[in-house]
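> what shape does this take:
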Amino acid sequence: MRYDVSGTVMQTVSIQLDRGEQVYSQTAAMAWMSEGIVMDTHTGGGLFAGIKRAFSGGSLFITDFTAEQPGEVAFAPRFPGKIVAMPLASGQSLICRKETFLCAEKSVQLEIAWQQRFGAGLFAGEGFILQRVTGPGVAFLDLSGEVIEKNLRPGERLRVHAGHIGMQEPSVQTDIQMVRGFRNVIFGGEGLFLATLTGPGKIWLQSMPIMNLAEEIFRHMPGNETASEGVGGAVATGVAGAAIGGILGGMFGGSGDDS
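Okay, here's the model as predicted:
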């Protein structure tokens, strides 16, 4: 298998397959394919496996692409961003946020993963269920916006808006911290909680969470008055958040530092 990622803002990955080689993808991810590539759509391990995949942000069905003769199949994401090709050794895993998986060699396993901490699943904004890809093979993952890779040292912590987390190695611990300061909560626009990532391990951050793009598009739609009501809504949300935060602060530990 050979591949080429092309484009800048709206990328595609073109995969050259030799006879008998296979890749698979979520449904509706294929952009084009040459003659001799055969599609087969199925649940990928039965209905229950498909349902679990759907809960993790994937599709109920997956599609295999098998080369009956040498040919090309290309895949494209559904929103602006970067396609990251990740060669995985046997047993090597990555934890990915919902809708990150695009396609992979058939030998790569796609399954659900759970948030490590209850508070992180409840308040970090990404939910309890994530995606896990495990080698051997190459997985192609789709992150929104630009991609920033960081390698955290043992014990090193990074506080991140949860929407900017794209994927991470399993060794990286995820927790939450409350945002301190009344004005920060009311007017900062970052929400009541931030995710805290603790090394060792690599993380891949994305510069444009898809939810931010969706909110901007919605705000500029004709007849939408959200923009004019934004300040009032932010104040109301912040006050409610501060009240909830006061109740929950003792339940989920530290409220973070001022840094």
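
> how long is stretch 163-175 from one end to the other?
End-to-end distance of stretch 163-175: 14 Å, with CA to CA, to the nearest Å as the criterion.

> pull out the buried positions in that stretch.
Neighbour-count burial for stretch 163-175 flags 163-169, 172-175 (criterion: 16 or more other CB atoms under 10 Å). For the C-beta atoms, the positions are set from N, CA and C on the backbone; glycine is no exception.

> ok, of the residues you listed, which one's closest to V9?
G166 (16.4 Å; CB to CB).

> any idea what the closest residue in space to V84 that isn't next to it in sequence is bridged to?
Once flanking residues are discounted, V84 sits nearest to L141: 4.9 Å by CB to CB, 6 or more residues apart in numbering. Residues in a beta bridge with L141, per DSSP bridges, are V84, F101.

> L141 touches V133, doesn't it?
Yes - judged on CB atoms under 8 Å, L141 makes contact with V133 at a distance of 7.4 Å.

> between these two, what contacts are shared?
86, 94, 96, 101 (CB atoms under 8 Å, 6 or more residues apart in numbering).

> thinking again about what came up before, will you turn the buried residues of stretch 163-175 into CSV that also has secondary structure?
Below are these laid out as CSV (DSSP: H, G, I helix; E, B strand; the rest coil):
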residue, secondary structure
G163, helix
H164, helix
I165, strand
G166, strand
M167, strand
Q168, strand
E169, coil
V172, coil
Q173, strand
T174, strand
D175, strand
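
> nearest to V147 among those residues?
Closest to V147, out of all of those and judged by CB to CB, is G166, at 6.7 Å.
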